[in-house]
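Trainee: got a predicted model here, sequence first, then my questions.
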Amino acid sequence: MDKDITIRLAQQPEADALLGRSPLAALVGMLLDQQVPMEWAFSGPWTIAQRLGSDDLDAHVIAAYDPEAFAALLSEKPAVHRYPGSMATRIQQLCAYLVEHYDGNAEAVWSGAPTGRDLLGRLKALPGFGEQKAQIFLALLGKRFGVRPPGWREAAGGYGQANVYRSAADITGPESLAKVRAHKQEMKAAAKAAQATKSTKTAKTAKG
């Protein structure tokens, strides 16, 4: 990765600097980005590195770490995630996959991808990365890290579009973070309303 990349996902200088220079840290941050605020998730890699006594993450080291000890490391206060135990397992699974398929080099996941669709497939193959998470990370790579194989925007779906505020890929500072957060709240409210409508219809059908 370009050493001059500026990332603002963690909203903490040291944590963001690590995300900008470390492909593995960026992947782990994306993995952690669920059921907690984005800043909490993306500051996780820096916290883990510090607790491991390093200034970066190493897939070989994490994959080989004693599972109980690694879970305890993530559980220390302040915890790396709301569910530190399960996330510790997921991070180790991700690192083990990278060791097996990419010799521990996270950047190799995308460095040789010929097309956006191929890159999306590689990301979806990673443990813990479903369709949505893979598309968001693909968009993050394209918009913030300059990784833009042909068709990357299309492969990233709605997250790949320019001038939108839908995900971590669109965050460049506090203002854009607020816009992305507002968008997510709107999506949750819409989903909740749709579910309520569906439940009402189901109830009426059952009565009828």
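Mentor: Looks like it came in fine.

Trainee: how about the particular helix or strand that has residue 139 in it: buried residues?
Mentor: Assigned by DSSP states H and E, residue 139 belongs to helix 131-144. For helix 131-144, a neighbour-count test (16 or more other CB atoms under 10 Å) marks 133, 134, 135, 136, 137, 138, 139, 140, 141, 142, 143, 144 as buried. In short, each C-beta sits where N, CA and C put it, glycine included.

Trainee: thought the third one was touching residue 121?
Mentor: No - counting by CB atoms under 8 Å, no contact exists between residue 135 and residue 121, whose distance comes to 11.6 Å.

Trainee: burial count for the nearest residue to residue 127 once chain neighbours are set aside?
Mentor: Spatially, and ignoring its direct neighbours in sequence, residue 127 is nearest to residue 93 (4.1 Å; CB to CB, 6 or more residues apart in numbering). Neighbour count of residue 93, defined by other CB atoms under 10 Å: 15.

Trainee: dump the C-alpha coordinates for the strand or helix carrying residue 43 into CSV.
Mentor: In this assignment (DSSP H and E), residue 43 forms part of helix 38-51. The C-alpha atoms that make up helix 38-51 are tabulated as CSV, following Å, rounded to 0.1, in the frame of the first residue of the first chain:
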residue,chain,number,x,y,z
MET,A,38,-17.2,2.2,13.2
GLU,A,39,-14.6,4.1,15.2
TRP,A,40,-14.5,1.3,17.8
ALA,A,41,-14.2,-1.4,15.1
PHE,A,42,-11.4,0.3,13.1
SER,A,43,-9.4,1.3,16.2
GLY,A,44,-9.3,-2.4,17.1
PRO,A,45,-6.3,-3.4,14.9
TRP,A,46,-4.1,-0.7,16.7
THR,A,47,-5.3,-1.9,20.1
ILE,A,48,-4.5,-5.5,19.2
ALA,A,49,-1.1,-4.6,17.9
GLN,A,50,-0.3,-2.6,21.0
ARG,A,51,-1.3,-5.5,23.2
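
Trainee: picking up where we left off before, who are the neighbours of the helix holding residue 139, in terms of helices and strands?
Mentor: Other helices and strands packing on helix 131-144, by 3 or more CB pairs under 8 Å, 6 or more residues apart in numbering; DSSP states H and E, are helix 23-32, helix 116-124, helix 152-155.

Trainee: all the helices of the protein, residue numbers only.
Mentor: Assigned by DSSP state H, the chain shows helices spanning 13-21, 23-32, 38-51, 59-64, 67-75, 84-102, 108-111, 116-124, 131-144, 152-155, 174-207.

Trainee: arrange the ones you listed in a markdown table, one row each, with mean pLDDT as further columns.
Mentor: Shown next, in a markdown table, are the helices of the chain (pLDDT from 0 to 100):
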| stretch | mean pLDDT |
| --- | --- |
| helix 13-21 | 96 |
| helix 23-32 | 98 |
| helix 38-51 | 97 |
| helix 59-64 | 98 |
| helix 67-75 | 98 |
| helix 84-102 | 98 |
| helix 108-111 | 97 |
| helix 116-124 | 98 |
| helix 131-144 | 96 |
| helix 152-155 | 98 |
| helix 174-207 | 80 |
